[in-house]
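[1] structure of the sequence below:
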Amino acid sequence: MANSRPSPLTMLLGAVVFFCANVFAAAAVLGVDLGTEYIKAALVKPGTPLEIVLTKDSRRKETSAVAFKPFPSGPKAAQFPERLYGADAMAVAARFPDEVYPNLKTLLGLPIEDASVKEYAARHPALQLQAHSTRGTAAFKTKTLTPEEDAWLVEELLAMELQNVQRNAEATAGHGSSVRSVVLTVPSFYTVEEKRAVQLAAELAGLKVLSLISDGMAVGLNYATSRQFPNINAGEKPEYHMIFDMGAGCTTASVLRFQSRTVKDVGKYNKTVQEIQVLGSGWDKTLGGDSLNYLIMDDIISQFVETEAAKSVSATAQGVRSHGRTMAKLAKEAERLRHVLSANQNTQASFEGLYEDVDFKYKITRDNFETMSGAHAERVEAVIKDAMKMSGIELSDLTSIILHGGATRTPFVQKALEKAAGSADKVRPSVNSDEAAVFGAGFRAAELSPSFRVKEIRIFEGPMYAAGLKRANGEKRQRLWTAVSPLGGVAKEITFNDHKDFALSFYQQVGDNDKDIASLLTKNLTATVAAIKEKYPSCVESEIVFKLGVKLLAENGEIQVVRAAVECEAEVTVKERIVDGVKNLFGFGKKDQKPLKGTEKNADSKEPESSKEAPKEGAKPSTSSSSTTTDSSTAYSSSESTAPSEEVREVKQKQIVSIPVEVVLEKAGVPALTKSELVKVKNRLKAFAASDKARFQREEALNQLEAYTYKVRDLLERESFIEASTEKERADLAKQSSEIGDWLYEDGADATAEIFKAKLKTLQDIVVPVQTRIDEAEKRPGRITALKESMKRISEYLDSIHKQIAEYEQWEATAASTSASGSSTTSASAETPTGEFDGLEDVDAKDTKKDNEPEEQPGPIPPLFDKEELKDLEALVKTTKEWLSEMQPKQDKLPMTADPVLLVKDISEKIQKLDKVSMDLALKGAKSFGGKAKKAAQNLKKGKSKKGEGAEDFKGQRLTEEQLEEMLEKIKAMEKEKKPEKTEEDKKSSEKPGHDEL
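    Numbers count the residues shown, from 1 in each chain. Here you go, the predicted model:
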């Protein structure tokens, strides 16, 4: 059997392709602001810094919702429904309230019995909420799938929304781009469990999470990108700002410290970096735009049930709240009313068939709304106080309160902020209140990606919850990190006196409860303790300790074990040179001891090493002068530690020794999906994506076929089409078009994309040949004229070249005969002087004689080409003329309904070939002339040119240096402009809009 292993070359090429693919994939990164109501994304790619990703509707933000459109005939096995995102999903909420899933962020990582989950279920009564069998978190049962299918995890639904954002980002990046790396924003109060849920959703979406970043830090990062802060190295005080973020689902306030610092750079240089640190944060998980909407919804319900019409149908508040369609209508209208009240004093809404076909008209004023939300204003102040308390600074130390989030535009919220701040001057809209967080996330993504280089801003934020470890039995408990301990900071080292394997857990203190986030188990501690005692008998058993080093990851706040080992102090035998022992005895070997005076002189000594004798083993130095000598000898020979003349001895020293311990760190808390479950979920998402793609292709094929049937009807009435087609072709086309049109509205409703494409091809097989005849007849005369003009122009050019060659050959022959005649006359008249002064000649007379000699007349310009170089172009012109003379009569004899034999494409190819060959010949001559002209220009500069030599123009006048340089530039420009002429088809294709233009 032949060896099937790939060759090394194949493996190398595969590795190159793999790494190159990863490099290009990492070139574009994404920052995503994962909001409760809206998702926003910022794309960073080479040449495009921080560009907002637009939705398919060209909006700058996408509604955080996904919906499934039910099948008209009910769910079908192995088939998935149509998915809708964003505004499209919310548009069908009134029709299908049980299949629209909004505001999923509030459910991430929470068990089904959590109060937030119960509140969500109450506000969306049509949704079938249930606990997931493995995780115990919220899941949704849908009627669009068969009952055998598993319920949708919240993370699965969020993954669909992230995949939609990813597709929009790749469309923004351009054709062939891939976006895989992402930085996601999360609220500062998110626990480890909630952050894991976000990461799971990103993993299911096929995204790589570079880091998670809090909303407040993301806004602060965006604020810092365009500003410079005080340098603490220069004694300046840092700036303190509060980021107050009130969105749809929650409210947070983060106190940030902004400063700059001078740090060491490459070599001897220093650099200044910006630093941002979160000092504290406060939050209210249920205070936001949605909670304000709920106030209006409750007011509408209370007023509605009091009307006579509602009482006539026995409407109750509980009945209205449990009605899915009614609640969907109220939620949409309540949000609109709240937005209107932010700018107006009063507004109203009309509901047609609000509940049990009862109509209702509702009015509300801003005063009434602010009265209803009085308790919410107090909650705003509480959030600020909590943030200031955690930060440890006073409110007066704040430079400003920076607003972010749509709900901050509510008038009573701004009043509450001004009251809490003590002054309206501190409340500033210093950033874009809608997009600052997503821009900060995008900047962070670019900073973490190796493909970009950005302004260096170092960020430090804490987990916002204290964390520590405790024994499995709960007896011992130790806090390791505070709420503001920097993520990714220095590892904490914990010492244990245990000599046997044990287990412990890491917790996060959320409120008054300790939530386990990880568990650690030593695998071989007992065996390692025995091994260290056996290897180092001098270890005192009571001094043997187990040391564990742990830290919080900067990316997500997870626990990471950096070191686990058993340690003790033991006597170990080390090999030491004699001179090293002497140095250690007198302290010369210590790094912190300064060298003795005079050592430098001895160290510079050139005394050969062989003249110095090392002391025998065990010998003691007698005087200090001898130790100095020994040290100088050591300094001289330190670089030759392997010299054979040096003696080595073994000595015992006390050192800290260690042996690593194997530990297992596992995540605790909400159970993770098993490997089989994770694969199943990913496969279901892939199948759903494939179903969407097939549906899109089917719809596209249907639209193309339907549009083509309308086009055929128009063609059958067009005069040019009638002239170019036969009666039989038109009859067949009319019949096929009519049959397909009827089929589309009858049996074609459930047809596949392949059937649509096949029927489209049936029509195109009739239309395309006729349309080709029309197009050929329109374009052929113009192309034939262009071909004839091209051949005429080239023929005239060739004739002029031949004429120039003939003139030059004639002049050359005449000049050669004249030169031969003059040469013979000169040699015959020359005689040897015989007299004493016969060879002498008057200088003035000689000059006069030289001036009286006739000046040599310049000849014609040498031709650029010889006859051999013109043969290819002449032959091409000849064959092209013969081809046109043969094909044109054949085409003229054909009727309009026949397929053409002289095609526009062939004529265009002939023109392009003629232009190419003639241009190549012209450039060849230009380059030859350019070389001569450049040489002549150099001669003019040096003043060494002779009469009758050098470059001349066509009038026989000598070219100046400037003219020669100008001619050289024109030659270079001719080379750059060497492009084949575009055909009409090329021009049309180039006029088609590209992806970016769309």
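
[2] identify the residues contacting the host helix or strand of Glu666?
    Assigned by DSSP states H and E, Glu666 falls within strand 663-667. For strand 663-667, the external contacting residues (CB atoms under 8 Å, 6 or more residues apart in numbering) are 196, 517-523, 548, 558-559, 561, 564. (Each C-beta comes from the backbone N, C-alpha and C, glycine too.)

[3] just the closest of these to Gly86, please.
    Of all the contacts of strand 663-667, Gly86 sits closest to Arg196, with 25.9 Å by CB to CB.

[4] so who does the closest one touch?
    Contacts of Arg196 by CB under 8 Å, 6+ apart are 109, 556, 667, 669-670, 672.

[5] cutoff 10 Å now
    By CB atoms under 10 Å, 6 or more residues apart in numbering, the residues touching Arg196 are 108-109, 155, 190, 517, 556-558, 667, 669-670, 672.

[6] out of the contacts of strand 663-667, the closest to Val320 would be?
    Nearest to Val320, judged by CB to CB, of the contacts of strand 663-667 is Arg196 at 37.4 Å.

[7] wait, Ser133 sits on Glu677?
    Yes: using CB atoms under 10 Å, Ser133 makes contact with Glu677 at a distance of 9.2 Å.

[8] shared neighbours of the two, anything?
    Contacts common to Ser133 and Glu677, judged by CB under 10 Å, 6+ apart, are Asp150.

[9] neighbour count for the two, which is higher?
    When neighbours are counted by other CB atoms under 10 Å, Ser133 and Glu677 differ, and Glu677 comes out ahead with 16 against 10.

[10] wait, doesn't that one sit right on Glu155?
    No: counting by CB under 10 Å, Glu677 does not reach Glu155; the two are 11.7 Å apart.

[11] now the common contact residues for these two.
    Shared contacts of Glu677 and Glu155 (CB under 10 Å, 6+ apart): 132, 135.

[12] just the helices in the stretch 251-400 of the chain please.
    Secondary structure of the stretch 251-400 of the chain by DSSP state H, counting those that start in this stretch: the helices cover 289-305, 308-312, 317-321, 324-341, 366-372, 374-391.

[13] low-scoring stretches of this protein, by residue?
    Low-confidence regions of the chain, defined here as pLDDT under 70, cover residues 1-26, 474, 577-647, 821-859, 928-998.

[14] longest helix in it, please.
    Longest helix in the chain, counting residues (DSSP state H): helix 753-829.

[15] helices and strands around the longest strand anywhere in the chain, which ones?
    Looking across the chain with DSSP state E, the single longest strand is strand 559-577. The contact analysis (3 or more CB pairs under 10 Å, 6 or more residues apart in numbering; DSSP states H and E) places strand 559-577 against strand 492-496, strand 513-522, helix 525-535, strand 545-552, helix 578-586, strand 648-660, strand 663-667.

[16] how about that strand: buried residues?
    559, 564-568, 570, 576-577 (16 or more other CB atoms under 10 Å).

[17] which of these sits closest to Ala420?
    After measuring the buried residues of strand 559-577 against Ala420 - CB to CB - the closest member comes out as Ile559, at 36.3 Å.

[18] show me the beta-bridge partners of the closest one.
    Beta bridges link Ile559 to Leu552 when assigned by DSSP bridges.

[19] pretty sure it contacts Phe506?
    Yes: between Ile559 and Phe506 there is a contact under CB under 10 Å: 5.0 Å.

[20] mutual contacts of those two, please.
    192, 467, 469, 480-481, 517-520, 550, 552, 665, 667-668.

[21] what is the longest helix of the chain packed up against?
    Helix 753-829 sits against helix 675-715, helix 719-724, helix 727-744, helix 867-893, helix 904-942, helix 984-991, with contacts defined as 3+ CB pairs under 10 Å, 6+ apart.

[22] next, the angle from that helix to helix 675-715.
    With axes from the mean of the first three to the mean of the last three CA atoms, to 10 degrees applied, the angle from helix 753-829 to helix 675-715 works out at 80 degrees.

[23] quick check, distance from helix 753-829 to the centre of its chain.
    Offset of helix 753-829 from its chain centre (CA atoms, centre = their mean, to the nearest Å): 50 Å.

[24] cool, and stretch 909-918?
    44 Å.

[25] ok, and for it, which residues are buried?
    910-911, 914-915, 917-918.

[26] hang on, the earlier thing: and the longest strand of the chain, how far out from the chain middle?
    The answer for strand 559-577 is 45 Å, by CA atoms, centre = their mean.

[27] can you check stretch 285-299 too?
    Using CA atoms, centre = their mean, the offset of stretch 285-299 from its chain centre is 37 Å.

[28] that one: which residues count as buried?
    Neighbour-count burial for stretch 285-299, counted by 16+ other CB under 10 Å, picks out 286-297, 299.

[29] between these, which is closest to Ala806?
    Checking the buried residues of stretch 285-299 against Ala806 by CB to CB gives Gly289 as the nearest, at 91.6 Å.

[30] just give the number of residues close to the closest residue to Phe688 other than its chain neighbours.
    Using CB to CB, 6 or more residues apart in numbering and skipping residues adjacent in sequence, the residue nearest Phe688 is Phe80, 4.9 Å away. If you count neighbours by other CB under 10 Å, Phe80 ends up with 21.

[31] can you tell me the SS state at Phe80?
    The assignment at Phe80 comes out as coil when based on DSSP: H, G, I helix; E, B strand; the rest coil.

[32] make residue 1 into 52 and carry on from there
    Shifting the count to begin at 52 puts that one at Phe131.

[33] any idea how far it is from Arg735?
    Separation of Phe131 from Arg735 (CB to CB, to the nearest Å): 9 Å.

[34] list the residues that contact both of those two?
    196, 200.

[35] quick one: distance of stretch 598-616 to the chain centre.
    With CA atoms, centre = their mean, you get 29 Å for stretch 598-616.

[36] nope, stretch 556-570 is what I was after
    The answer for stretch 556-570 is 36 Å, by CA atoms, centre = their mean.

[37] residues contacting that stretch, please?
    By CB under 10 Å, 6+ apart, stretch 556-570 touches 240, 242-244, 247, 514-523, 525, 528, 530-532, 534, 554-555, 571-572, 601, 603, 608-612, 715-721.

[38] among those residues, name the buried ones.
    Counted by 16+ other CB under 10 Å, the contacts of stretch 556-570 give 240, 242-244, 247, 514-521, 531-532, 555, 571-572, 601, 603, 608-610, 716, 718-721 as buried.

[39] tell me what angle the longest strand of the chain forms with strand 596-603.
    What separates the directions of strand 610-628 and strand 596-603 is an angle of 130 degrees, with the same axes, to 10 degrees.

[40] verify the stated contact: the residue nearest to Phe739 with Ala738.
    Yes: here Phe131 reaches Ala738: they are 6.8 Å apart, a contact under CB under 10 Å.

[41] for Lys975, give me its contacts.
    Here Lys975 is in contact with 915-916, 920 (CB under 10 Å, 6+ apart).

[42] assumed Ala190 was part of a helix.
    No: with three-state DSSP as the criterion, Ala190 is strand rather than part of a helix.

[43] pretty sure it sits against Glu200.
    No: with contact defined as CB under 10 Å, Ala190 does not count as touching Glu200 (11.6 Å).

[44] quick one: which of the two has more around it?
    Comparing Ala190 with Glu200 by neighbour count (other CB under 10 Å), the higher total belongs to Ala190, at 23 against 15.

[45] what is the neighbour count of Phe119?
    26.

[46] how many residues are close by Leu954?
    Leu954, neighbours per other CB under 10 Å, totals 17.

[47] so how far is Trp862 from it?
    48 Å.

[48] again, but for Lys584
    In terms of CB to CB, Lys584 sits 110 Å off from Trp862.

[49] between the two, tell me which one has more neighbours.
    The residue with more neighbours, out of Lys584 and Trp862, is Lys584; 18 against 13, by other CB under 10 Å.

[50] now that one: closest residue in space, sequence neighbours ignored.
    Cys590 (5.8 Å).

[51] which SS state does the one you found fall under?
    The local conformation at Cys590, judged by three-state DSSP, is coil.

[52] who's in contact with it?
    Cys590 is in contact with 580, 583-584, 617-622, 708, counting by CB under 10 Å, 6+ apart.
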